[in-house]
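> Any chance you could fold what I've pasted below:
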Amino acid sequence: MKIATSVAGVCFSIIVLCSLVHAQNSSVGMLAGTWSGKATGGAAKSYSVTVSLNGTGTGFVEYPSMKCGGTLKFVRKSGDSYSYHETITHGQARCGAAGQIDMSPDGSNVAWARTSAGNRTTATLTNTDNPDPNGCASCEMNYDQSAQQCERSASPDDRQKCLDHAEDDLHMCEGNCRS
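Below is the predicted model of the structure:
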């Protein structure tokens, strides 16, 4: 009887400990919001990047100028830096291999870094959750939403036409907001 009680106590303790660890990992204070900017460095020329995180450890990344993007999944927090695993879901040929995204908040900006296939690019991304109505940040946000809708197209040709149209809209929007 004592052994059964001890085993039950140990099992209960393990369950409680696992629950506490899970709760602690879930409440790490995940990043939430949308940021955009230009990435530089590595082998690629500079390119635009937009990151949208929902505060639960998942989100999206779009590279509008390269017509590619994908999903993000929280991996770990180290100090003030959050690391995410990036999975490229569309435009793999243009975007290259999936990578690791590291983000460190600094006020309304985040220091952003992408490491993929040995190449590292960096950017300072600006929060676009409350963009200036006359600014260009809303252009990329609209593109991101359009690109995500395009990915739902069954046909690769329709998907590409949709993405091309979304990019044309992005360029028109950016031209208008800068004038």
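
> so where is this protein shaky, pLDDT-wise?
Scanning the chain for pLDDT under 70 picks out 1-29, 42-44, 129-138, 140-141, 174-179.

> Please enumerate the strands of it.
All strands of the chain, identified by DSSP state E, fall at 32-39, 47-54, 58-63, 68-78, 81-90, 100-106, 109-116, 119-127.

> what sits against residue 32?
53-55 (Cβ atoms under 8 Å, 6 or more residues apart in numbering). To be clear about C-beta, it is placed using only N, CA and C from the backbone, and glycine gets the same treatment.

> May I have the residues that are in contact with the residue nearest to residue 73 when sequence neighbours are not counted?
In this structure, residue 73 finds its nearest non-sequential neighbour in residue 85, 5.0 Å apart by Cβ to Cβ, 6 or more residues apart in numbering. Each residue near residue 85 by Cβ under 8 Å, 6+ apart is listed here: 72-73, 75, 98, 100-101.

> May I ask which of those has the most neighbours?
Compared across the contacts of residue 85, residue 72 has the highest neighbour count, 25 neighbours, by other Cβ atoms under 10 Å.

> gap between residue 78 and residue 118?
21 Å (Cβ to Cβ, to the nearest Å).

> Now render the contacts of residue 85 as TSV, adding distance to residue 37.
Below are those laid out as TSV (distance: Cβ to Cβ, whole Å):
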residue	distance to residue 37
72	16
73	21
75	22
98	20
100	18
101	13
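
> What is the neighbour count of residue 109?
By other Cβ under 10 Å, neighbour count at residue 109 equals 15.

> now it, which residues is it bridged with?
residue 106, residue 126 (DSSP bridges).

> Roughly how far does the residue nearest to residue 73 sit from residue 153?
Taking Cβ to Cβ, one finds residue 85 at 26 Å from residue 153.

> residues of stretch 152-159 that come out buried?
residue 159 (16 or more other Cβ atoms under 10 Å).

> one step back: tell me which two in the contacts of residue 85 are the farthest apart.
Largest separation among the contacts of residue 85 by Cβ to Cβ: 75 and 98, giving 12.3 Å.

> isn't residue 46 right up against residue 37?
No: judged on Cβ atoms under 8 Å, residue 46 makes no contact with residue 37 at a distance of 9.9 Å.

> out of the two, which sits in the busier spot?
Between residue 46 and residue 37, counted using other Cβ under 10 Å, residue 37 has the larger neighbour count: 21 against 13.
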